[in-house]
Every structure is written in structure tokens, then in C-alpha cells.
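Asks: Requesting a structural model of the entry that follows:
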Amino acid sequence: KLASVATTLAVEKEWVKLLCDDDAELLAATNARMRRIDLLCLLLAPICVGGLMAWLGPLAGALFIGAWHFALLAPEYIILTWVYNSFNVLREQKEAAAGDQIRKTVRQMVTRTFVVLRDGWGDYRSMEIFRPALALALLYCTVLSFGSLFTAYAYHRGMNEAVLAIARGIGAGFGL
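Replies: Down below sits the predicted model:
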């Protein structure tokens, strides 16, 4: 999961900005396309896997997901490496960032981080939205959340995988 988040941040946030340079229209169009692809995957994945699990069982669904990830791991990294090596701007940005990072001391980074966090939380606590946002965050930590924890709870309580898949797909559809 951590590697997935890191790859997403690198590709969707940093690489796209660097490749689009200063073209705001291209950046907006590229971000919109990538978001549509992401939402489409969020729509189709639960429907497909839920259907597979409903017809073939949970073990088949788990084996399929594992095989899918294993089969596509190497091609994904090969393509990412190819893109990285194809554009000088991606390599130059990393080298510049590495040089800047060496010059900074650890104490300055830690101090700045704590100051920003302290000030940010102070500002956030004074906003009207703080209490409702805190309530939603606490709700998300329970089985009433919107994510996989709720899905696992509903499955454990006997809800059919196909119904869960369709419900999550409909929710992702509203996101589109």
C-alpha cells in the first residue's frame, strides 16, 4: 500500500507538473484525464471482483487479485522506468532536489515541520469546520466508514459480495 501511495504521488502529482511545464491548460486536461481513469477503476474494480467472489467464492477472488498484482508488477515498473528515462526534466528535478536536501540540516527540517504543524493545527482548531471534520474523522475510524472497513464489516455480517460490489460501484459512479 505504501509503495502504491508513493507511486501515485510521484506520477500524478510531481511528474505531471514537470511534464506539462507551465502550460496550465495541458496540466488541467491531464489531471482531469487521470482522475477519470482513477474513478473508472474505482467503479469497475469492486463490481468485477465482487462478481467474481459471488460466483466463484472468496478464495478465487483473493487469488485473482494476488495474481493480477503479481502479473502486472513488472510491466508497471518497466513502464515507469521507461517514462522516467525518456524525459530529462524528471531526472534533473530529482538531482536538484537531492542537492538541496543535502544542504539542509536535520534540525532545521524538524524544527520547521513542528512549527508548521503547531501553527496549522492552531488555525484549524479556530475554524467553524473543525468540530464537524473531527466528528467525520472519528466516524471514519468506526465500522460506519465509507471504505473497506465498512465493506469487510458488511460482508462479515452476511451481506452478499455482489450486492456490496454494486453498492460500492454506484458510490464510485456518483464520484464520476
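
Asks: Give me the local confidence score for the nearest residue to V11 once chain neighbours are set aside.
Replies: Closest residue to V11 in three dimensions, ignoring its sequence neighbours and counting by CB to CB, 6 or more residues apart in numbering: L80, at 7.2 Å. All C-beta atoms are positioned from the backbone trio N, CA, C, and that covers glycine. We have a pLDDT of 82 for L80.

Asks: After the longest helix that the chain contains, heading C-terminal, what element do we hit next?
Replies: Longest helix in the chain by number of residues (criterion: DSSP state H): helix 24-56. Of the helices and strands lying after helix 24-56 in sequence (DSSP states H and E), the nearest is helix 58-86.

Asks: From the contact counts, what lies against that following helix?
Replies: helix 24-56, helix 88-103 (3 or more CB pairs under 8 Å, 6 or more residues apart in numbering; DSSP states H and E).

Asks: Could you report the neighbour count for the residue nearest to V11?
Replies: When counting by other CB atoms under 10 Å, one arrives at 14 neighbours for L80.

Asks: Tell me how far E161 lies from A29.
Replies: Using CB to CB, to the nearest Å, one gets 37 Å for the distance from E161 to A29.

Asks: Same drill for those two, tell me which one is more crowded.
Replies: Using other CB under 10 Å as the criterion, E161 and A29 rank with E161 on top: 21 against 12.

Asks: ok, that one - contacts?
Replies: Contacts were defined as CB atoms under 8 Å, 6 or more residues apart in numbering; by that measure E161 touches 50-51, 53-54, 58, 61, 155.

Asks: TSV please, covering those residues and showing distance to G120.
Replies: As requested, these are arranged in TSV below (distance: CB to CB, whole Å):
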residue	distance to G120
G50	39
G51	44
M53	42
A54	45
P58	42
G61	41
Y155	38
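
Asks: Just the buried residues of those.
Replies: Among the contacts of E161, those classed as buried by 16 or more other CB atoms under 10 Å are 50-51, 53-54, 61, 155.
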